[in-house]
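Peer 1: make a model of this:
(2 chains)
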2 protein chains.
Amino acid sequence: MLRNVAIIGVGLIGGSFALALKRHSPATRIVGCDHDEENLNLAIRSGVVDSGATVEQIAADQTLQLIVLAVPVRAIPAVLVALAPGLPPQTVITDVGSTKGDVIAAARLALGDKFGQFVPAHPIAGREHAGVGSADITLFDGKKVVLVPCTETIPAAQALVNAAWVDCGATVTTMSAADHDRVFAAVSHLPHLLAFTLVDELASRPDAKVFFEHAASGFRDFTRIASSSSEMWRDIALNNQVAVLQEIDRYREHLEALRDALSRRDSAAIEALMRRAQEARNHWLAGQFEHFRDESV
Amino acid sequence: MLRNVAIIGVGLIGGSFALALKRHSPATRIVGCDHDEENLNLAIRSGVVDSGATVEQIAADQTLQLIVLAVPVRAIPAVLVALAPGLPPQTVITDVGSTKGDVIAAARLALGDKFGQFVPAHPIAGREHAGVGSADITLFDGKKVVLVPCTETIPAAQALVNAAWVDCGATVTTMSAADHDRVFAAVSHLPHLLAFTLVDELASRPDAKVFFEHAASGFRDFTRIASSSSEMWRDIALNNQVAVLQEIDRYREHLEALRDALSRRDSAAIEALMRRAQEARNHWLAGQFEHFRDESV
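Peer 2: Sure, this is the predicted structure:
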């Protein structure tokens, strides 16, 4: 059981992690840190964390077994630089960032020969709302957490992070950083960009009102992710730029094919695309992954 | 109160209309017609409609006040041709199609000088599941129904259809056919095509499995509409081809601008687009339509 944990960035993810960990191990002492004082006070008052501290105080705390970086990805390098000098060999650091190649590069630079104590991680769970007020004790129940261990990663450190996420209700898997960033560019980052683009395009019209007045539940669900944090998704796009640009280009090509089929009124081609999509999504919903091709590329 | 109503096509929309109408006026006699015998039998057995009939029997029934065409749009012309010869002057016909310009053109052709008895309509409510088994008595509660009256439309006919939808729990508005098709191309037809395209592009990959294994709730909501009927959406795209092609082109341009911003790492431009989208969606969710521009184009 974890006795002493620090969470830097007590927002939706950091706060939900704290709640889920306490659910499993009520005796775990959790210290929280947040640049937003009001948010941190709310986290303390509502019992999400036991106490507050600055990054400097956390860096000086020799009793911590685990430090969770739940800050926006762009803030990770500075926090690691602050933690590195005094980091005791038994303290494990992990993150919750949506991109991994960039975080790993920054961590390697900031931590130097202590990089093996860092376990890159990405919980596949979120909401479009931010802040500890949105924290949810069940956020990770049944969700996947992807660990992205590197050659230097200390096995015991990985095992500790793995166990913490299992305690939080999640299922843990591992991937390489390149695979992680490629896969999430396609299934998460691209859809966010597509949803933001649709809403902004409509909102930019001189007669935007009539469109929004008639948008209904299909539009609502399609664009839910366009209510997500613009700072966070700006950073994700920039931090995973190469893979995201590739995904935009593949998507454009596929959309172009559908546009061509529609412009030549190729009824069979349009229906075939839609039917394949419908069947694929229904297999996915049913957890029938054996339906999908699995050749290495 | 309506005494005698026929519903041709007792699926999700037709079945839900029957249930909602009966909720308001239990004494209304509803006869159902469906080319799928099993579906019609289910509708009768479960009490969604009172009895079954063929299109020919409905065409010969002089007691009907209202005939609702809830068949796929492509089936509407043939049904109207069958109904036209014997249509008594007091019988009103309406439809529930997602496109209006094409339906109106077909109705004008099929009904000739009885075209004024036809009230084009589009309830803005749906689910990704089809069939009477998905019918829901509350489907139209608080939802919008757009009537698209033409110069020939008989005012009393329009009033009858208006009242029927109000009885079903909906709010009724009117639009021109051109405005209707332009607006729904943008807020409904395009998002469907974008969602189908995303899922099919991923499913077509040689390593599709790893992508679907890691897709989560953002992907689920973004692609919900890709579980919709491929026949129905093929027809909608084809029937509203001009407006849909225009929407694809506007969307491509906007996506291209985001791609350019990302490729030159223009952090401010990316965030500005996302922030505008986020704010627009939040205004929309809150019903703050005064936030949107309303210049005629």
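Peer 1: excluding chain neighbours, what is closest to the residue nearest to the spatial centre of chain A?
Peer 2: Centroid-nearest residue in chain A, with Cα atoms, centre = their mean: A:Ser98, separated by 3.5 Å. If the residues on either side of it in the chain are set aside, A:Ser98 comes closest to A:Ile236, at 5.0 Å by Cβ to Cβ, 6 or more residues apart in numbering or on different chains. Heads up, the C-betas are built off the backbone N, CA and C, glycines and all.
Peer 1: how many other residues sit next to the one you found?
Peer 2: Using other Cβ atoms under 10 Å in any protein chain shown, A:Ile236 has 26 other residues around it.
Peer 1: in which helix or strand would I find it?
Peer 2: Taking DSSP states H and E as the definition, one finds A:Ile236 inside helix A:230-239.
Peer 1: helices or strands up against that helix?
Peer 2: Contacting helix A:230-239 under the criterion 3 or more Cβ pairs under 8 Å, 6 or more residues apart in numbering or on different chains; DSSP states H and E are the following elements: helix A:101-111, helix A:190-203, helix B:267-285.
Peer 1: how does it look with 10 Å?
Peer 2: helix A:101-111, helix A:190-203, helix A:241-263, helix B:241-263, helix B:267-285 (3 or more Cβ pairs under 10 Å, 6 or more residues apart in numbering or on different chains; DSSP states H and E).
Peer 1: are the shortest one and chain B in contact anywhere?
Peer 2: No: under the criterion of Cβ under 10 Å from any Cβ of the partner chain, helix A:101-111 makes no contact with chain B; the nearest approach is 12.8 Å.
Peer 1: C-terminal to that helix, what's the next element?
Peer 2: Assigned by DSSP H and E, the successor of helix A:101-111 is strand A:118-119.
Peer 1: show residues contacting that next one.
Peer 2: A:66-67, A:69, A:80, A:83-84, A:87, A:92-95, A:103-104, A:106-108, A:110-111, A:147-150, A:152-154, A:157-162, A:164 (Cβ atoms under 10 Å, 6 or more residues apart in numbering or on different chains).
Peer 1: any of those buried? List them.
Peer 2: For the contacts of strand A:118-119, a neighbour count by 16 or more other Cβ atoms under 10 Å in any protein chain shown gives the buried set as A:66-67, A:69, A:80, A:83-84, A:87, A:92-95, A:103-104, A:106-107, A:110-111, A:147-150, A:153-154, A:157-158, A:160-162, A:164.
Peer 1: give me the subset of those lying in strands.
Peer 2: If you go by DSSP state E, those have A:Leu66, A:Ile67, A:Leu69, A:Val92, A:Ile93, A:Thr94, A:Asp95, A:Leu147 in strands.
Peer 1: format the residues you listed as CSV; extra columns: pLDDT and distance to B:Ser51.
Peer 2: Below are these laid out as CSV (pLDDT from 0 to 100; distance: Cβ to Cβ, whole Å):
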residue, pLDDT, distance to B:Ser51
A:Leu66, 98, 68
A:Ile67, 98, 70
A:Leu69, 98, 67
A:Val92, 98, 71
A:Ile93, 98, 71
A:Thr94, 98, 65
A:Asp95, 98, 64
A:Leu147, 98, 62
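Peer 1: list just the nearest of the residues you listed to A:Asp141.
Peer 2: A:Leu147 (18.2 Å; Cβ to Cβ).
Peer 1: can you count the residues close to A:Pro206?
Peer 2: Residues near A:Pro206, counting by other Cβ under 10 Å: 11.
Peer 1: how about the residues of the stretch 51-200 of chain A near chain B?
Peer 2: Contact residues (Cβ under 10 Å from any Cβ) of the stretch 51-200 of chain A with chain B: A:74, A:122-128, A:143-144, A:146, A:173, A:175, A:179-180, A:182-200.
Peer 1: returning to that earlier point: and the ones in strands among the buried ones among the contacts of strand A:118-119, which is closest to A:Ser204?
Peer 2: Among these, and counting by Cβ to Cβ, the member closest to A:Ser204 is A:Asp95, at 35.3 Å.
Peer 1: I'd assumed A:Val73 was in contact with that closest one.
Peer 2: Yes: counting by Cβ atoms under 10 Å, A:Asp95 does reach A:Val73; the two are 7.9 Å apart.
Peer 1: shared neighbours of those two, anything?
Peer 2: Joint contacts of A:Asp95 and A:Val73 (Cβ under 10 Å, 6+ apart) are A:Val103, A:Ala106.
Peer 1: which of the ones in strands among the buried ones among the contacts of strand A:118-119 sit farthest apart?
Peer 2: For these, the maximum inter-member distance is 15.9 Å, found between A:Ile67 and A:Leu147 (Cβ to Cβ).
Peer 1: helices of the stretch 1-150 of chain A, residue ranges please.
Peer 2: Here the stretch 1-150 of chain A has its helices, by DSSP state H, counting those that start in this stretch, at A:12-24, A:37-45, A:55-60, A:76-83, A:101-111.
Peer 1: out of these, which one sits most buried?
Peer 2: Among the helices of the stretch 1-150 of chain A, helix A:12-24 has the highest mean neighbour count (mean count of other Cβ atoms under 10 Å in any protein chain shown), at a mean of 24.
Peer 1: am I right that A:Val183 is in contact with B:Phe211?
Peer 2: Yes: when contacts are counted by Cβ under 10 Å, A:Val183 is listed as touching B:Phe211 (5.7 Å).
Peer 1: please enumerate the shared neighbours of the two.
Peer 2: The contact sets of A:Val183 and B:Phe211 overlap at B:Leu202 (Cβ under 10 Å, 6+ apart).
Peer 1: distance of the nearest residue to A:Arg23 once chain neighbours are set aside from A:Cys168?
Peer 2: Excluding its sequence neighbours, the residue lying closest to A:Arg23 (Cβ to Cβ, 6+ apart) is A:Ile137, at 5.6 Å. Separation of A:Ile137 from A:Cys168 (Cβ to Cβ, to the nearest Å): 9 Å.
Peer 1: which of these two has more neighbours?
Peer 2: Set side by side, A:Ile137 and A:Cys168 show more neighbours around A:Cys168, with 26 against 17, by other Cβ under 10 Å.
Peer 1: if I look at the residue nearest to that one when sequence neighbours are not counted, how far off is chain B?
Peer 2: Leaving aside its chain neighbours, A:Cys168 sits nearest to A:Ala20 (3.7 Å; criterion: Cβ to Cβ, 6+ apart). Separation of A:Ala20 from chain B (Cβ to the nearest Cβ, to the nearest Å) stands at 17 Å.
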